[in-house]
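J.: Sharing a model prediction with you, sequence too.
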Amino acid sequence: MQLAHGHSVSLIEGGDIKYVAELMDYYVDHGDLLVNSVGWNIPLLNETLQYMVNHKLGYKLLLSDILPQFEDIKNRIGVTDEVFIEHLAEWNTDLDKYITKNNIKDVIPDASFYDLTTKISNVLTDHINKIAFEALSEISVDTLYAQRTAHTSYYWFVAIKHLLAKIKSLPDNLTEFGKKILMDIASGTQSLNPFPNCFKNIVERLDKRKIKSTVTDIRNDFCIGKRLSMQ
């Protein structure tokens, strides 16, 4: 089939997209076609892949090849976020092998993608969120603090913006980061106008039992200390 190898052809009169879609896997892997569709931009191929995704057809696919190009492929073949992510969730075997905390930034290079994975729950998105959270939990407090001025662009702050909705309790590194932000607020080095939503969400999620000493330090250093210096 010429179409499977990137040759632009047209459906003959009376032809059936369903028939073409059901034959496609005999000629080339489904995943390869999805990736190649972005560069080829062949109308009949795009329409065929749209049919395959909408009807959950296709056999062989590597998520690590598709997910980094999710947006481009989705737009090229004209399907919705919901339909495409549900289609990809059909390939849910060996997720621990192909999506790990060591390669999560390669598989999901755009952290805004977590907006989708936190809104649609299936075996794939749940795994992605879990792995992303594990990777986030290992980012050092010093790294997070050093990147605080890039809160709108730094990968893990963008991820936090979305992942917090799925986190029951903050990991230790975010708790310690939140403490630093509280200290900065008290000292006046962190403005509250504006106060980044990402920081606000972290601070609001802090476990009061874990920040008692920080609150005490703030009271002693910036409240009692300031009052004494004014006397």
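T.: Sure, I can see it.
J.: When you work out contacts or count neighbours from here on, use the C-alpha atoms and nothing else.
T.: Fine.
J.: where does this structure dip in pLDDT?
T.: For the chain, the stretches with pLDDT under 70 are 1-15, 215-231.
J.: One more pass at 50, please.
T.: 2, 4, 6-7, 12-14, 224-225, 227-231 (pLDDT under 50).
J.: OK, contacts around the most centrally placed residue in it?
T.: In the chain, the centroid-proximal residue (CA atoms, centre = their mean) is Tyr114; its distance is 2.8 Å. The neighbours of Tyr114, taking CA atoms under 8 Å, 6 or more residues apart in numbering as the test, are Asn129, Ala159, His162, Leu163.
J.: separation between it and Lys166?
T.: Using CA to CA, to the nearest Å, Tyr114 is found at 10 Å from Lys166.
J.: Give me the common contacts of these two.
T.: Common neighbours of Tyr114 and Lys166 are listed as Asn129 (criterion: CA under 8 Å, 6+ apart).
J.: Please, where are all the strands along the protein?
T.: Ranges of strands within the chain: none, based on DSSP state E.
J.: who's in contact with the nearest residue to Asn46 once chain neighbours are set aside?
T.: Excluding its sequence neighbours, the residue lying closest to Asn46 (CA to CA, 6 or more residues apart in numbering) is Ile77, at 4.6 Å. Contact analysis of Ile77 by CA under 8 Å, 6+ apart lists Ser37, Asn46, Glu47, Leu49, Gln50.
J.: thought the second one was touching Ser37?
T.: Yes: counting by CA atoms under 8 Å, Asn46 does reach Ser37; the two are 6.7 Å apart.
J.: quick revisit: just the buried residues out of the contacts of Tyr114, in PyMOL syntax.
T.: To isolate the buried ones among the contacts of Tyr114 in PyMOL, judged by 16 or more other CA atoms under 10 Å, type:
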select buried, resi 129+159+162+163
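J.: Out of the contacts of Tyr114, the closest to Ile139 would be?
T.: The nearest member of the contacts of Tyr114 to Ile139, counting by CA to CA, is Ala159 at 12.3 Å.
J.: so that closest one sits right up against Pro109, yeah?
T.: No: Ala159 lies out of contact with Pro109 (CA under 8 Å); the separation is 10.7 Å.
J.: Around the closest residue to Ser64 other than its chain neighbours, how many other residues sit close by?
T.: The shortest distance from Ser64 to any non-neighbouring residue, by CA to CA, 6+ apart, is to Val107 (5.5 Å). By other CA atoms under 10 Å, 20 other residues sit near Val107.
J.: quick one: Val107 from Ala132, how far?
T.: Distance from Val107 to Ala132, by CA to CA: 11 Å.
J.: so who does Thr80 touch?
T.: So Thr80 contacts Lys74 (CA under 8 Å, 6+ apart).
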